[in-house]
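Chemist: Need the 3D shape of this:
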Amino acid sequence: MEPESGVVIDEPSEDVIFEAMGDLDSRENTFLTIEQAGNGQEWYVVISIVDTCGFEIELRDAKTREHELYVSNDRSRIATDVTVWVAGRPAFAQQRADRLESW
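Modeler: Predicted coordinates:
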């Protein structure tokens, strides 16, 4: 996860996403991006602050041709939805399995 401010967080949890959304503002830190690690970036999530109605959430997976865009002001629900969506990406599941094997 990387907010516009440039701080990179590997494997963000639901709580980290929730907190990072709270740090967004309409001037200098307007969005955060969660994307697949590595070179073959097949999916990403962008959460942007929208002044009038909360947040705009974009979920995109090129491999499965999924693309969803919606607006919400419920940080808790957004963090949950994004966490579940990311965990469901096949590439994410494979990366996690590979890391566990290397232990």
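Chemist: residues near V45, how many?
Modeler: By other Cβ atoms under 10 Å, 24 other residues sit near V45. In short, each C-beta sits where N, CA and C put it, glycine included.
Chemist: cool, R77 as well?
Modeler: R77, neighbours per other Cβ under 10 Å, totals 12.
Chemist: Tell me how far it lies from D23.
Modeler: To D23, R77 is 18 Å away according to Cβ to Cβ, to the nearest Å.
Chemist: can you check E58 too?
Modeler: Distance from E58 to D23, by Cβ to Cβ: 19 Å.
Chemist: Those two - which one has more neighbours?
Modeler: E58 (15 against 11).
Chemist: Would you mind giving the secondary structure of the residue nearest the centre of the chain?
Modeler: By Cα atoms, centre = their mean, the chain has its centre lying nearest to I34, at 3.5 Å. Under DSSP: H, G, I helix; E, B strand; the rest coil, I34 falls in the strand class.
Chemist: With V82 instead?
Modeler: Using three-state DSSP, the structure places V82 in helix.
Chemist: Just list the residues touching it, thanks.
Modeler: Contact analysis of V82 by Cβ atoms under 8 Å, 6 or more residues apart in numbering lists E14, I17, I34, V45, I47, I57, L59.
Chemist: Please settle this for me: is the fourth one part of a strand?
Modeler: It stands for V45. Yes: the assignment for V45, made by three-state DSSP, places it in a strand.
Chemist: so what's it bridging to?
Modeler: I34, L59 (DSSP bridges).
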